[in-house]
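Peer 1: Sequence first, then the predicted structure:
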Amino acid sequence: MALKSESDWKSEYAKLELVSDQKENGVFVWITNLANYIEDMVKDMTLKSYSPPPTFTFNKTTFISTLGATTVIPPNGVATLSSAFNLALGASTMLLTFPCDTTGTSSPATTFSVGVTTVLPTSLTQGAQAILGLAEIPEEEFTSKAEDSKFPIILREAFAGLQYTTIGSNSVTPTVQPFTDVAEVE
């Protein structure tokens, strides 16, 4: 599976109710709606060239708690949204099943055991910066018809640009060696 398409991000975003002063369990309803939307859009996100494909779990709780003090939707809350993205992705998991093959990186593929899989900090910063760029979009383009909004496109680009570093041991014979790989989101 892979990250959902741009058209999926746009069409599902168009269905969201984001403006609301209502709270549920102490959290603004629009924040929960946005977090649920993101969780649904990224639930099939994986890494290129891994078999079996890794599974991603979005840390929705961190995202919601970071946005929890926000009372307005972007663009005014873009800095908070960028922080929420940054913190939630730093706390999210990309889980690989052992043993795992890197397909297409060597022939035959290297089977390895993973010690650590983490989001590459530079890609996380780039995603957060892309979200901050939402503040530069004229309000009429940002808040016009939801299906024409640039918001879901930029948000998807922030996720699509993520890279993960995998560190572990590979199966090279006769001697097992340390393994490090950087993989892009699929």
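Peer 2: Thanks, I have the structure now. Numbers count the residues shown, from 1 in each chain.
Peer 1: worst-scoring helix or strand of this protein, pLDDT-wise?
Peer 2: Counting by mean pLDDT, DSSP states H and E, the chain has its least confident helix or strand at helix 139-143, which shows a mean of 64.
Peer 1: after that one comes which helix or strand?
Peer 2: helix 151-160 (DSSP states H and E).
Peer 1: what does that following helix contact?
Peer 2: Contact with helix 151-160 is made by 3-4, 6, 9-10, 12-13, 38, 41-42, 45, 74, 85, 126-128, 130-131, 133-134, 142, 185, as judged by Cβ atoms under 8 Å, 6 or more residues apart in numbering. Yep, even glycine has a C-beta here, placed from its N, CA and C like the rest.
Peer 1: PyMOL command to pick out the buried ones of those?
Peer 2: Here is the PyMOL command that selects the buried residues among the contacts of helix 151-160 (16 or more other Cβ atoms under 10 Å):
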select buried, resi 3+4+9+10+12+13+38+41+42+45+74+85+126+127+128+130+131+134+142+185
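Peer 1: Tell me which residue is most central in the chain.
Peer 2: Centroid-nearest residue in the chain: Phe159, 3.9 Å away (criterion: Cα atoms, centre = their mean).
Peer 1: The helix or strand harbouring Phe63 - what's its average pLDDT?
Peer 2: Assigned by DSSP H and E, Phe63 belongs to helix 60-67. Helix 60-67 shows an average pLDDT of 94 in the prediction.
Peer 1: what does stretch 10-25 give?
Peer 2: The average pLDDT within stretch 10-25 is 85.
Peer 1: Check stretch 154-171 too.
Peer 2: 88.
Peer 1: Off-centre distance for that stretch?
Peer 2: How far stretch 154-171 lies from its chain's middle: 9 Å, per Cα atoms, centre = their mean, to the nearest Å.
Peer 1: Can you list the buried residues in that stretch?
Peer 2: Within stretch 154-171, the residues scored as buried using 16+ other Cβ under 10 Å are 154-166, 168, 170.
Peer 1: ranges for the helices of this structure?
Peer 2: In the chain, the segments counted as helices under DSSP state H are 6-14, 29-42, 60-67, 78-91, 121-132, 139-143, 151-160.
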